[in-house]
Each structure stands twice: as structure tokens, then as C-alpha cells.
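> fold the following for me, if possible:
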Amino acid sequence: MSIVMTFRIALKALNRNKMRTMLTMLGMIIGVGAVITMVALGNGASQSIEQQIASAGTNVIMVNAGNFTTGGVRMGAGASNTLMPEDAEAIRNEVPGVQYVAAGVDQGAQIVAGNQNWFSRVQGTDVELPLIRAWATESGSFFTPADVASAAKVCVIGTTVRDMLFPDGTDPVGQVIRIRNQPFKVIGVMASRGQSAMGQDQDDVVFAPYTTIQKKFRGITYIQNITVSAASADHIKKVAEDITALLRARHRIQPDESDDFMVRTLEDIAAMRTETTRTMTALLASIAGVSLLVGGIGIMNIMLVSVTERTREIGLRLAIGARGRDVLTQFLVEAIVISLLGGFIGIGLGYGVSRGLTRFLEWPTFITPQAVGVAFGFAAATGIFFGFYPARKASALDPIEALRYE
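Numbers count the residues shown, from 1 in each chain. Now for the predicted structure:
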């Protein structure tokens, strides 16, 4: 019997019980749709993380004040006060492959403009930060080396801060705002960047010279972080290693002592977050795969019922010359057809749900051809696996006993 004829007979047999066929396919439809949706959510999250990491800057290396131990007690990350502005200059001048460097000191503060106020993050930094993060100003300009050297009370604000402090649309450039009751002149507004890789609003920020934050707010001489940009993506790992070696030497850290600073590349952060996302995606896809298993069991159950119902038909075919493998192929094809039809509909369902999540809930989703291929292949494999036993049982029937079956 030709394969085309086998498929025609299979479609006719399934068409005789439309409702039963649809209910049998339902488990496969839900399973494939769930797998497609879960993988699309995971891929969308990974893609979003990559975009957010890219938006943070070019070839960025973060150096943060780290842990230190006193009296056997580890004080935790950020507790060290050994990171100095001179360390930033040393990195700029002594580490090959470094392009830009910006020292940093952060401070949360209440900001007031007229009768409006807003609590935001005040980030003390250096003039090269916009170059590191490839972040342009929407209006005005960033502060200058002279502003840093003189600890000038000037600042550049993000669009979120602008919208909160100047809701009437007033141009903030040239206006005076108060940060912790100290007057600062707004000299620029940064272009909007949206959320960071950590989910923070990058536009909810005020940039000021780090020397101003040190002297006017914190009363300190050390810094909290150094943002570094490598000249080439190929050199990031080597530059990070050289920075570590330089700072250990400058801080006189012995070989058996731990660092009092932390050096991290954005690639490390991205890899960690992407791996977490992949793990969650695999977990969710595995849970969704249970629906495929249930759908496969449903196919086996219905095919066994079909074999029982069509026992006389099977006996008649065997009696007039059909071989056992012809009967096996016939029932196996029926199981595969149910799986593939369910797979097709499930792929459409998964695509529709993914688009709906993106449109109505603004969750990022991304469907890859590989995900569709794997889901479809799994549906076909499920049909073959769970359809083989009923098909084998049908092909093993004795023709005489089958013809006697009532």
C-alpha cells in the first residue's frame, strides 16, 4: 500500500470521529503551545538582557570597593574605603588597552526645583562617563575637567528627573535645583536610556562631578567605584586581569590575602543573568513538556480504543491479503497525523499567546525557528512513541479471531 493511500485512509478514519479526534489532539495542542510560549519568554528575556547590557556601555569593566576583614570579621562588599582617585589615574596611565576611565561616588538625595521635589540617585562621576556608556546629552552639555577639578556645583539630569521636577515642560538647562539643600546649576539633560540590565531606571539619575559629591556631601577622600572602558572587546579579559594586578600592588595586598575591591566585566554579569534565564526557561519548558506527555498518553488510549472498535475491519484486511506491517503502518500513521495536526495548531497557539503577552503585558518574547522545529519534532516523536504499541497490537491480531469479534 502506498504512503499516499495510507494517509488518505488515516484521514478518513479520523474524520469519522471528529470530536474524539479533536479532544485527542487537545493535549498535544496545549503541550506544544506551552513549550513555544515558555521558550519564547525565555529567549525574549535573554535578548532583553543582552540589549540592556549593550546599552550600559562599550567594553565596560566595573571596579567597585570590595570586602575587607577586620578582627576575623568579613565586612562585606562595598565596605572598603581603600579605592582612591589616584587608583583611577593609575589605571588610566599604567594599564595597556584602557580607553576611558571614570571615578565614581554615589549618593541618594532629595532634589527640589521650585515647588517640586523628587528622591533620586546622585552619581558623582568624571567627564569620560558619557564616552564609556556611549550616552549623549539630549540638551545642554556634560560637565568639564575644570568642573571636576574645582568641585563645581553643576549637574546633568536624566529625563525621569526632568519630568518629575519640571512637569510643565520648562527647559531645565540653566535652572538651579537644590540637592540636599545645596544649589546646583543644571547644565544638561541626558538622552533617555530606559531600564538597565539590573532593572533600574537609568534615566532616574543626576550626574555631578565626583569631587563635588566627595567634598560637599560625603566628606570623604576615597571613591566607591571606577568605570573603565577597554579599547577593544578582545582585550577586556586581559585588561581586567591587569587592573586586578595593579590594584593589588597599589593596595599592598599580600598573596595570601583577599582583594579589597571587585573587578567585574559586563560580560560576566550578562553571562550570569543569561544562564539564570536559560535555567528557568528549561525548567518551565520541562513543565510544559508534561502536557505533551499527557497528550501522548491520550493518543495511546484513543488508538487502543480505535483498535478495539475496528477489530473486524482489521481482520477483514488481513483476510484479503494485507500484511501485518501494513496494518501497523496504518495505525501508526493515524497516531502521527493526530500528533502533527496537534503540533501545527499548538505552534499557532504558542505564537498567538506570545504575541499577546508582548502586546498586552509588554513582556519580551522571541520565537526562534529552532524552537518551532524542536516542538514540532517532539510532537511527531510523541505520536510515533505512543502510537507504536496500539499499532503493533493491531498488526498482531489473528484474522480468524478478528472476524469473529462482535
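> contacts, neighbours, all on C-alpha from now
Noted.
> so where's the stretch 51-200 of the chain uncertain?
Low-confidence segments of the stretch 51-200 of the chain (pLDDT under 70): 51-58, 67-79, 196-199.
> ok, 50 please
Low-confidence segments of the stretch 51-200 of the chain, defined by pLDDT under 50: 71-73.
> in it, which spans are helices?
Listed in chain order, the helices of the stretch 51-200 of the chain (DSSP state H, counting those that start in this stretch) span residues 85-94, 129-132, 145-149, 159-165.
> list the buried residues of the first one.
Of all the residues in helix 85-94, those buried under the rule 16 or more other C-alpha atoms under 10 Å are P85, D87, A88, A90, I91, R92.
> between all of those residues, which two are separated the most?
Set against one another by C-alpha to C-alpha, the buried residues of helix 85-94 have their most distant pair in P85 and R92, with a gap of 10.9 Å.
> may I see the helices of the stretch 51-200 of the chain arranged in JSON lines, with distance to L340 as well?
Compiled in JSON lines, the helices of the stretch 51-200 of the chain are given as follows (distance: least, C-alpha to C-alpha, whole Å):
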{"stretch": "helix 85-94", "distance to L340": "60"}
{"stretch": "helix 129-132", "distance to L340": "51"}
{"stretch": "helix 145-149", "distance to L340": "66"}
{"stretch": "helix 159-165", "distance to L340": "50"}
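> relative to I297, which of those is closest?
helix 159-165 (54.2 Å).
> now stretch 26-39: average pLDDT?
Confidence over stretch 26-39, taken as the mean pLDDT, stands at 84.
> and the strand ranked longest in the chain, how far from the chain's centre?
Of all the segments assigned as strand in the chain under DSSP state E, the longest by residue count is strand 98-113. Strand 98-113 has its average C-alpha position 27 Å from the chain's average C-alpha position, going by C-alpha atoms, centre = their mean, to the nearest Å.
> can you check stretch 161-177 too?
Centroid displacement of stretch 161-177 relative to its chain, using C-alpha atoms, centre = their mean, is 34 Å.
> okay, buried residues for it please.
Under the neighbour-count rule (16+ other C-alpha under 10 Å), stretch 161-177 has V161, R162, M164, L165, F166, P172, V173, V176, I177 buried.
> using CSV, lay out these together with distance to R8.
Compiled in CSV, the buried residues of stretch 161-177 are given as follows (distance: C-alpha to C-alpha, whole Å):
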residue, distance to R8
V161, 67
R162, 68
M164, 68
L165, 71
F166, 71
P172, 74
V173, 75
V176, 80
I177, 78
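> pick the one among the residues you listed closest to N117.
Taking C-alpha to C-alpha as the measure, L165 is the one of the buried residues of stretch 161-177 closest to N117, at 6.1 Å.
> isn't the closest one right up against V112?
Yes: under the criterion of C-alpha atoms under 8 Å, L165 is in contact with V112, at a separation of 7.2 Å.
> can you pull the buried residues of stretch 350-364?
Under the neighbour-count rule (16+ other C-alpha under 10 Å), stretch 350-364 has G350, Y351, V353, S354, R355, L357, T358, P364 buried.
> for A379, grab the count of nearby residues.
Around A379 there are 29 other residues, counting by other C-alpha atoms under 10 Å.
> list the contacts for it?
M28, V32, L292, S339, L340, G342, G343 (C-alpha atoms under 8 Å, 6 or more residues apart in numbering).
> what's the farthest-apart pair in those residues?
Farthest apart among those by C-alpha to C-alpha are L292 and L340. That separation is 12.1 Å.
> mind checking the SS state of A282?
Under the three-state scheme (DSSP: H, G, I helix; E, B strand; the rest coil), A282 adopts helix.
> tell me the phi and psi of A34?
Dihedral angles of A34 (phi, psi; degrees, to the nearest 10) stand at phi -70, psi -40.
> for the stretch 301-406 of the chain, what spans make up the helices?
Counting by DSSP H, counting those that start in this stretch, one finds helices in the stretch 301-406 of the chain at the ranges 311-319, 324-360, 369-395, 399-404.
> among the helices of the stretch 51-200 of the chain, which comes closest to F184?
Of all the helices of the stretch 51-200 of the chain, it is helix 145-149 that lies closest to F184, at 12.1 Å by C-alpha to C-alpha.
> what's the closest one packed up against?
Helix 145-149 makes packing contacts with helix 210-212 when contacts are defined by 3 or more C-alpha pairs under 8 Å, 6 or more residues apart in numbering; DSSP states H and E.
> and the contacts of the helix it packs on?
103-105, 123-126, 148-153.
> coming back round to it: overlap of the contact sets of L165 and V112?
W118.
> re the thing from before, now for the longest strand of the chain, which elements pack on it?
helix 85-94, strand 116-125, helix 129-132, strand 176-179, helix 210-212, strand 225-230.
> tell me which of those lies nearest to L397.
L397 lies closest to strand 225-230 among the helices and strands packed on strand 98-113, at 73.6 Å (C-alpha to C-alpha).
> each with direction, which strands does that closest one pair with?
strand 60-65 (antiparallel), strand 98-113 (antiparallel) (DSSP bridges).
> got phi/psi on T279?
Phi and psi for T279, reported as degrees, to the nearest 10, are phi -60, psi -50.
> 3 is where my numbering starts, stick with that
Yep, numbering from 3; the last one is T281 now.
> for N95, see how far away it is.
Distance of T281 to N95, computed by C-alpha to C-alpha, to the nearest Å: 41 Å.
> go on, F145?
With the distance defined as C-alpha to C-alpha, F145 ends up 22 Å from N95.
> sorry, back to before: could the buried residues of helix 87-96 go into JSON lines alongside distance to D400?
Below are these laid out as JSON lines (distance: C-alpha to C-alpha, whole Å):
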{"residue": "P87", "distance to D400": "90"}
{"residue": "D89", "distance to D400": "88"}
{"residue": "A90", "distance to D400": "87"}
{"residue": "A92", "distance to D400": "89"}
{"residue": "I93", "distance to D400": "85"}
{"residue": "R94", "distance to D400": "87"}
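> pick the one among these closest to G389.
Out of the buried residues of helix 87-96, the member with the shortest distance to G389 (by C-alpha to C-alpha) is I93, at 66.5 Å.
> the nearest residue to the closest one once chain neighbours are set aside: neighbour count?
Nearest-residue entry for I93: I245, 6.5 Å, with adjacent residues in sequence omitted and distances by C-alpha to C-alpha, 6 or more residues apart in numbering. The criterion is other C-alpha under 10 Å. On that basis, I245 has 25 neighbouring residues.
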